[in-house]
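Asks: predicted model and sequence below, questions to follow.
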Amino acid sequence: MADVEAAKALSGLLNGVAQKEFYNNSEVTEELLKVQLYPQLQEEDFKALHEKMKGLVKSIATADMDNAQLEAFLTAQTKKQVGRVTTEQAAALSRFWKSQRVRVRESLLAQSRWEPGLRGLSWRVDLQTAASRGGAAHSGPVALMELELGRAGQDSEFVCLEFDEAKVNQVLKKMADIQESIDRIVHRT
């Protein structure tokens, strides 16, 4: 019975850490977790347990560990000489991560996104006809782009851009430079 209660308390602690660290729930505090889950534990013992679990959960989340990585990580943690994780704690961490991985990952991605984000893009190329130029010099085709930008939970804003052939080539060159930089980083790791 004591093992079941200890497992529930640890599971609650891990969920509390996730609420506070990943889901920005300001109502969950270290004090609340101690009072609700570990009232019998000394303050410094609880603080050490809380910090250890918070560090482990953050390490697991930052690496976005799959099941094999998680198993290897937890095995290594149980074999450490100092600050080792018990098998019960490893099992609780494993259950927690398997149930919360997707939600934690989505939360971390949402927190790291630049705002406003690009929601949509539409474009067209316009050609002027001889009648619409009215004898003016030939100006060539014009590319028109409409960008739909928005923040989560808000209405979109629209930005319209007009490019001549030289500007389109300049934008394409910059995009190629960006792609080369991304490829260098991806292939280096």
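Replies: Here it is on my side, so go on.
Asks: what bits of the chain have low per-residue confidence?
Replies: Applying pLDDT under 70 to the chain flags residues 1-2, 130-139, 189.
Asks: do a quick rundown of the strands in it.
Replies: Counting by DSSP state E, the chain has these strands, from start to end: 117-126, 142-150, 157-163.
Asks: can I get the ones you listed in a markdown table including mean neighbour count and distance to residue 20?
Replies: The way it works is simple: take the backbone N, C-alpha and C, and place the C-beta from them, glycine included. Rendered in a markdown table, the data for the strands of the chain read as follows (neighbours: other Cβ atoms under 10 Å; distance: least, Cβ to Cβ, whole Å):
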| stretch | mean neighbour count | distance to residue 20 |
| --- | --- | --- |
| strand 117-126 | 11 | 26 |
| strand 142-150 | 15 | 28 |
| strand 157-163 | 12 | 33 |
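Asks: would CSV of the ones you listed with distance to residue 73 be doable?
Replies: Putting these into CSV (distance: least, Cβ to Cβ, whole Å) gives the following:
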stretch, distance to residue 73
strand 117-126, 32
strand 142-150, 38
strand 157-163, 43
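Asks: any idea how far residue 53 is from residue 20?
Replies: Using Cβ to Cβ, to the nearest Å, one gets 11 Å for the distance from residue 20 to residue 53.
Asks: now swap in residue 128 and tell me
Replies: Here the criterion is Cβ to Cβ. By it, residue 128 lies 67 Å from residue 53.
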